[in-house]
Structure formats: C-alpha cells, structure tokens
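K.L.:
Here is my input, please return the structure:
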Amino acid sequence: MIRWREGTVEGIRREWPGAVELDVTIGDDGTHRALAYPALVGRPEPGDTVLLNTTALALGLGTGGYAIVVAVPDRLPPDPAGPGHMVKARYTPLQATVLGADEQDSPHHALLRDADSLDGTPVIVADLHSALPPILAGLLAARPGTRVVYVMTDGGALPAWFSMSVARLREAGVLAGAVTAGQAFGGDLEAVTVHSGLLAARLVLDAEVIVVAQGPGNLGTGTTWGFSGVSAGEAVNAAAVLSGRPVGSLRVSEADARERHQGVSHHSLTAYGRVALARAQIVVPELGGAFGARVAGEAATLGERHDLVPVTVEGLHQELREAEEEWGVRMSTMGRRLDADLCYFLTAAAAGRHTATLL
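P.N.:
Numbering: from 1, shown residues only. Sure thing, here's the model as predicted:
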C-alpha cells in the first residue's frame, strides 16, 4: 500500500523536460531524492511543503528509488486547458486527461481513423527500456539521419517524463519523438494501445523505424510469466498484424548474478518463443568465444518460430562509447554501465545495426 509523508523542499538538484529532481527533508528521516512532474502537480520551489508518496524509498527500489511529489498543497497547479478526453492512470488519485492522437478532437483523427498498415516499417522490439540508447547507436552509426520514433508501453514507468534517456536522446536530435501507449502518458502523442501507437508513430511522426519497449523500471517476480517485459511478444504480434517488419532484440547478459538472465534471458525466450505468434527477425549477435556460442545455442531454440539473423558486433563497442559521449546519455542496465555488461549493449546495438539494412 501507499506510504504517505510530508516533506520540505530544500533545493532543486536538476531538471529535464517534464520532471524536476529535488532534495526533500522528510521529518526526522533526513534528506532524500524526490521527483515532481510539474504538469501534474505544479512546480515545487525551495521552502515548499509537499505531500509525498514514499513507497519506493521504503522498498529500496533502484531505478525508481525516489519519493514522488503528489501535491504542493499551498500552491496547486492551474486547471488544464485545451481539448482531450483520454484518461490515463485511470481511477488513481493522479489520473490525467490527455489528447489522444486519434480521438475526435485531435488534428490527426482523420488520418488515423481508418489507418490499418505500417507499410513495411521496421519495428524493433525490446523488453527493457535500457535497450533504447544502444539500439539507436547501432542503427544510426550504420544509417545516420534515420528518423526513429519510440513507442513506450506501460509495463514500467507510466510518465515518459521519468526517462532521462528519452529527454537526452530528444535533445541530441537522434530520437524524433515518443508515443505513450496504454496507461503510459507524457509522450509527444498519446495512444490507447500499442497498435494505435505504432500507427501514430508511422503516420503522424513519419517514423522510418519504430522502437517499442516498456518505460524504465520493469516489474518482475522471478517467475516465467510474472514479468512486464513479456509484452515484447505482444508487440511483435501488433507490428506484424499492421504489416510492419518486427525485429526482436534479445536480452543477453554475461554479468547478471541471476542464472535465469545469464546468456539469453529466459524472458526473451518466453516473449519471443511463446507469446509472439507472428514471425519476426531475431538478431543473434556474433559475440565470439564460449559465451557467444552459448548465446547462439540458446537463441537457436527460437529458430522454428522466427528467422534468426546473425550480426557481427565488430566496431560496436566504439560506436556505443561515441554515442554515449556525443548524446550525453548514460548506457546503463540494472545498475550496470557499458563495460560492466558489454554483451547486453552489443546485442541491442546489433539489432539496430541489422535494422539499418532493411531500409
């Protein structure tokens, strides 16, 4: 259940589009990191008393380990103006009304009303948000200037504003836009489903390539089916039914302490091997050595259902380093940086590299 506390804003740490990170003193518990979304709660200022949801602090969460500002009681934000009847985070205390890309009041309604095809647009699917930067690095190194749009599903964070990666990639000009689907919100466009999100990405934002992944902070229980990234298989189905070209990015790790995630993660094998009913191109990185042979062998189990595409990773490490420096985005997954779990990032980048050959 939710843990509620009051706190006092001591200062602003940093901010990026849609979000403000704060230092907040919470009673006798000292000063903690807090996050506010000004579009929902207004902009907290030093000295403000704020109402906080401290559940993530109590649970000691990693990616989402912030106190979340729920309200600035003495200075509420103005009522929203403008059209929009789509409610997201529905029936929660912070449900928000947004303008859906395809609803009747949208300028894109006529375009999307009868839309039914992606016309062969490649759709790269990954189960973790952290795959987005390396996928872009591999793709854009091979084909600079490609117009890429991200469709964020609601398995992790609901506000797109939580993602510093999306903000940095937008600022760097390498991500053309973001569409938030399902209960997720805060993208350039809002969609009811992954299907309508894919169509909006292609037809409204003119995507040449679409990347689909959940927002940061996935949920898992250590079981076969209790993982939010299983939706990667459903995204393959959505891309295929809309005449897109699904490309599956495997989740691979050599450094994860959990056996089920070493080599090809069991989540990738479940999402692509059991959930995805449509055929996709599954990129298998040529990592070399005993570990590379293990990854290839585990990926081979997907060969009856999908087309396995071996892709060289030669030169990708340097391309990832250059992208990280040039774009100002941190390559990180499960708290591990680029060189701490290099095979993870090489695998995602290989999916981007292969997709460049489809254009």
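K.L.:
distance between the longest helix seen in the chain and the chain's centre?
P.N.:
The single longest helix within the chain, with elements called by DSSP state H, is helix 342-356. How far helix 342-356 lies from its chain's middle: 16 Å, per C-alpha atoms, centre = their mean, to the nearest Å.
K.L.:
From the contact counts, what lies against it?
P.N.:
For helix 342-356, the elements it packs on are strand 122-125, helix 132-142, strand 245-249, strand 252-253, strand 281-286, helix 289-299, strand 307-312, helix 316-327, judged by 3 or more C-beta pairs under 8 Å, 6 or more residues apart in numbering; DSSP states H and E. Placement of C-beta: from N, CA and C, glycine included.
K.L.:
rank these by pLDDT, which is bottom?
P.N.:
Mean pLDDT per stretch puts strand 252-253 lowest among the helices and strands packed on helix 342-356, at a mean of 93.
K.L.:
Just name whatever secondary elements that strand is in contact with.
P.N.:
Under the contact criterion of 3+ C-beta pairs under 8 Å, 6+ apart, the helices and strands touching strand 252-253 comprise strand 263-264, helix 342-356.
K.L.:
If we use 6 Å, what do you get?
P.N.:
Using 3 or more C-beta pairs under 6 Å, 6 or more residues apart in numbering; DSSP states H and E as the contact criterion, the secondary-structure elements in contact with strand 252-253 are helix 342-356.
K.L.:
Quick one: end-to-end distance for stretch 231-251.
P.N.:
The first and final residues of stretch 231-251 sit 14 Å from each other (C-alpha to C-alpha, to the nearest Å).
K.L.:
Over to stretch 186-202?
P.N.:
Across stretch 186-202, the terminal residues are separated by 18 Å (C-alpha to C-alpha).
K.L.:
Nearest residue to residue 66 in space, please, no chain neighbours.
P.N.:
residue 35 (4.2 Å; C-beta to C-beta, 6 or more residues apart in numbering).
K.L.:
for the helix or strand harbouring the one you found, which positions count as buried?
P.N.:
For residue 35, the element it lies in under DSSP states H and E is strand 31-36. Within strand 31-36, the residues that qualify as buried by neighbour count (16 or more other C-beta atoms under 10 Å) are 32, 34-36.
K.L.:
Over to stretch 212-228?
P.N.:
212-218, 227-228.
K.L.:
okay, who's weakest in the residues you listed by pLDDT?
P.N.:
Among these, residue 218 carries the weakest pLDDT, at 81.
K.L.:
List the contacts of it.
P.N.:
For residue 218, the residues meeting the contact criterion (C-beta atoms under 6 Å, 6 or more residues apart in numbering) are 155-156, 228-229.
K.L.:
From what I see, residue 202 and residue 116 are in contact.
P.N.:
No: using C-beta atoms under 6 Å, residue 202 makes no contact with residue 116, being 11.3 Å away.
K.L.:
who touches the strand holding residue 35?
P.N.:
For strand 31-36, with C-beta under 6 Å, 6+ apart as the criterion, the contacting residues are 19-26, 44, 66-69.
K.L.:
picking that back up, higher neighbour count, residue 202 and residue 116?
P.N.:
Comparing residue 202 with residue 116 by other C-beta atoms under 10 Å, the one with more neighbours is residue 202, at 25 against 10.
K.L.:
okay, and the helix or strand of the protein with the least pLDDT?
P.N.:
helix 55-59 (a mean of 86; mean pLDDT, DSSP states H and E).
K.L.:
Outside of the helix or strand just after that one itself, list whatever touches it.
P.N.:
Moving toward the C-terminus from helix 55-59, the first helix or strand encountered (DSSP H and E) is strand 67-71. Under the criterion C-beta under 6 Å, 6+ apart, residues 32, 34-36, 41, 44, 50-54, 57 lie in contact with strand 67-71.
K.L.:
and which of the residues you listed is nearest residue 82?
P.N.:
Proximity of the contacts of strand 67-71 to residue 82 (C-beta to C-beta) peaks at residue 41, which lies at 18.4 Å.
K.L.:
could you give the mean pLDDT of stretch 337-349?
P.N.:
Model confidence over stretch 337-349, given as mean pLDDT, is 96.
K.L.:
The nearest residue to residue 252 once chain neighbours are set aside - how many residues pack around it?
P.N.:
For residue 252, ignoring the flanking residues on the chain, the nearest one in space by C-beta to C-beta, 6+ apart is residue 347 at 4.2 Å. A count of nearby residues for residue 347, using other C-beta under 10 Å, gives 30.
K.L.:
sorry, back to before: just curious, which of the buried residues of strand 31-36 is nearest to residue 173?
P.N.:
Each of those was checked against residue 173 using C-beta to C-beta; the closest is residue 35, at 25.5 Å.
K.L.:
Beta-bridge partners for that closest one, please?
P.N.:
Bridge pairing for residue 35 (DSSP bridges) gives the partners residue 21, residue 68.
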